[in-house]
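Undergrad: here is the input, now give the coordinates:
(one chain, ligands or ions: 2)
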Amino acid sequence: MALIQWKDDFSVQVKAFDTHHKRLIDLINGLHDSMLTGKHQETLGKTLKELHDYTRYHFGEEERLMTQHGFEGYRAHKLQHDNFVAKVQECIRKYETSRLTMTIDIMNFLRDWLKDHIFGTDKRYSGFFGSRGVA
Ligand SMILES: [Fe+2]
Ligand SMILES: [Fe+2]
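TA: Ligands and ions are numbered 1, 2, ... in the order given. Prediction:
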């Protein structure tokens, strides 16, 4: 069973970012599946790296649009992004140095962070971008 299920109320009303969030959900669900099936040692490093790279791409796109339109919550939003990237980088470092084992705690952290960020932070730009004609 998927750890996170996309639902319509996840939508941030910006089509490209909904697509990015779905991809992030897929990557987190993929890590979770690998953990459950015990395949994680082979795939963990690769999927963590994919999650890291895609996360940076997505954050970069959100930040670019916020900057372009002068969104006033930009700095606080970017700080959350930077902290999350640092956390994922720490996981990768642990994986590379001590073959970190994916635990349910790490999975829950990733799931909760993404959900909280979409609902608590990303959705704050929905009305703003909507008023700028971004959809
Ligand atoms: Fe964000
Ligand atoms: Fe986002």
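Undergrad: would you mind writing the CA trace of stretch 69-79 as PDB?
TA: The C-alpha trace of stretch 69-79 is given here as PDB (Å, rounded to 0.1, in the frame of the first residue of the first chain):
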ATOM      1  CA  HIS A  69       6.400  37.500  -9.200                       C
ATOM      2  CA  GLY A  70       7.800  39.100  -6.000                       C
ATOM      3  CA  PHE A  71       6.000  36.800  -3.600                       C
ATOM      4  CA  GLU A  72       6.500  38.200  -0.100                       C
ATOM      5  CA  GLY A  73       6.700  34.800   1.600                       C
ATOM      6  CA  TYR A  74       9.700  33.800  -0.500                       C
ATOM      7  CA  ARG A  75      12.400  33.900   2.100                       C
ATOM      8  CA  ALA A  76      10.600  31.800   4.700                       C
ATOM      9  CA  HIS A  77       9.500  29.400   2.100                       C
ATOM     10  CA  LYS A  78      13.000  29.000   0.700                       C
ATOM     11  CA  LEU A  79      14.400  28.400   4.200                       C
END
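Undergrad: so it, near ligand 1 or not?
TA: No. Using Cβ under 5 Å from the ion, stretch 69-79 stays clear of ligand 1, with a minimum separation of 5.7 Å. To be clear about C-beta, it is placed using only N, CA and C from the backbone, and glycine gets the same treatment.
Undergrad: which parts of that stretch are buried?
TA: By neighbour count with 16 or more other Cβ atoms under 10 Å, stretch 69-79 contains the buried residues Phe71, Tyr74, His77.
Undergrad: where's that stretch relative to the chain centroid, distance-wise?
TA: 17 Å (Cα atoms, centre = their mean, to the nearest Å).
Undergrad: repeat that for stretch 64-76.
TA: 18 Å.
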